[in-house]
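Student: Sequence first, then the predicted structure, then my questions.
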Amino acid sequence: MGISSPLKNPEIWRYRRGDFTDRRLINRDYGTSIIHGIAPSRNSSHIVLYAQASDHGYSAGWREDGLYEYMGVSRLDERTGRPAAGPANFSRRDNNTLLTSWRQGRPLQLLERKGRGPRPFRYVDSFILHDWFEKDAGDGAYVPIFLLRPVEEATHAPHPSYCIHSSEQVQLIPVERHALLSTLRDGSADHRSMRPEARLEKSFCLFMLRQGYPVWRFEIRHTVGCHPLYTDVWVGGVNLLLETKAKADRDHVRQALAQLIDYTRFLSNPYRAVLVPERPKGDLLKLSHTQQAAVIWPGTRGNWESSAMWLSHLGITYRR
């Protein structure tokens, strides 16, 4: 595919599944290495991974369980060019970049090529790190292997630490994820026709999934004969309950706080946050904090910002 000028916003990944491209174009737009297989971007959060058939038989590829097996950087024997004897080196800079990607909220963009030479790379998908292990390469040598899971399939099991007061009243249900990536990437008509609240919520869910956190919601059966309540988003692993609103004005923030207070009567001390499209004005941040709720909104650089410092370990920028 032809590209005539650098990207205005490199946080937006421009390729779709199946697109062919050249490493030089990716390097120009995302500031990545044109040599290394694990190539973090210098001007965005993306980490670009290049996979191709290996001369030594350690080729990357899909497994039967739906995970993608990617070989990391190993120490080579100078005489044979094969992995040197000894354990796999997970501490090398390139491998460590991949290992810490989920904690830093950096999406993994994978491209692959069959064979060597001038052939173009084909974009596979956006992934998160699922697991890693050492693979026996023979002669006492091991290579580091990373298991990657496509972002769209990163539903995960709920974190075991979450508790609810009554399993008869409260059920954990999935957040809808159909066509999540495509609607956020290509600006399609379906995406534009989404309600602003749904668009905001899906963007944040994708941000959490890229870091390996499960996103769910609760169904709360509060009163016999009445329709159940449905929360917006619950982030597993950190027990964070969010209520999303389309505006950051007083009426919407107050409504979100009231809903969070109502929901948490049935849950076991979740952290609370209000998700809005911009930083609230006036005393609304103080109002939220009096109700033990943080406020989260999209930043101006493709990131997420918050009024609570403790959310920074989720990759969300703290802003006073």
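Tutor: Good, I have the coordinates. Treat the numbers as computed from the prediction; the structure is a model and nothing was measured.
Student: CA only for contacts and neighbour counts going forward, please
Tutor: Fine.
Student: what secondary structure does residue 261 sit in?
Tutor: Classification of residue 261 using DSSP: H, G, I helix; E, B strand; the rest coil returns helix.
Student: now it: how far from residue 62?
Tutor: Distance of residue 261 to residue 62, computed by C-alpha to C-alpha, to the nearest Å: 45 Å.
Student: so where is this protein shaky, pLDDT-wise?
Tutor: The model of the chain has pLDDT under 70 over residues 1-6, 53-59, 76-81, 102-103, 105, 115-117, 152-167, 176-194, 211-212, 237.
Student: Work out which residue lies at the spatial centre of it.
Tutor: Residue closest to the mean C-alpha point of the chain, counted by C-alpha atoms, centre = their mean, is residue 210 at 1.0 Å.
Student: isn't that residue right up against residue 109?
Tutor: No - counting by C-alpha atoms under 8 Å, residue 210 stays clear of residue 109, with 10.8 Å between them.
Student: so what sits against both of these two?
Tutor: residue 127 (C-alpha atoms under 8 Å, 6 or more residues apart in numbering).
Student: Would you map the helices across the stretch 1-150 of the chain?
Tutor: Counting by DSSP state H, counting those that start in this stretch, the stretch 1-150 of the chain has helices at residues 23-30, 93-99, 101-104.
Student: What count of nearby residues applies to the nearest residue to residue 140 once chain neighbours are set aside?
Tutor: Once flanking residues are discounted, residue 140 sits nearest to residue 85: 4.9 Å by C-alpha to C-alpha, 6 or more residues apart in numbering. Residues near residue 85, counting by other C-alpha atoms under 10 Å, number 16.
Student: Residue 101: neighbour count?
Tutor: When neighbours are defined as other C-alpha under 10 Å, residue 101 has 21 of them.
Student: okay but it is in contact with residue 129, surely?
Tutor: Yes - if you go by C-alpha under 8 Å, residue 101 and residue 129 touch, sitting 7.4 Å apart.
Student: if I look at the two, which residues touch both of them?
Tutor: residue 108.
Student: on that earlier part again, got a list of what the residue nearest to residue 140 touches?
Tutor: With C-alpha under 8 Å, 6+ apart, residue 85 has these contacts: 77, 139, 140, 141, 142.
Student: Report the buried residues of the helix or strand containing residue 208.
Tutor: For residue 208, the element it lies in under DSSP states H and E is helix 196-210. Buried positions in helix 196-210, judged by neighbour count with 16 or more other C-alpha atoms under 10 Å: 196, 199, 200, 201, 202, 204, 205, 206, 207, 208, 209, 210.
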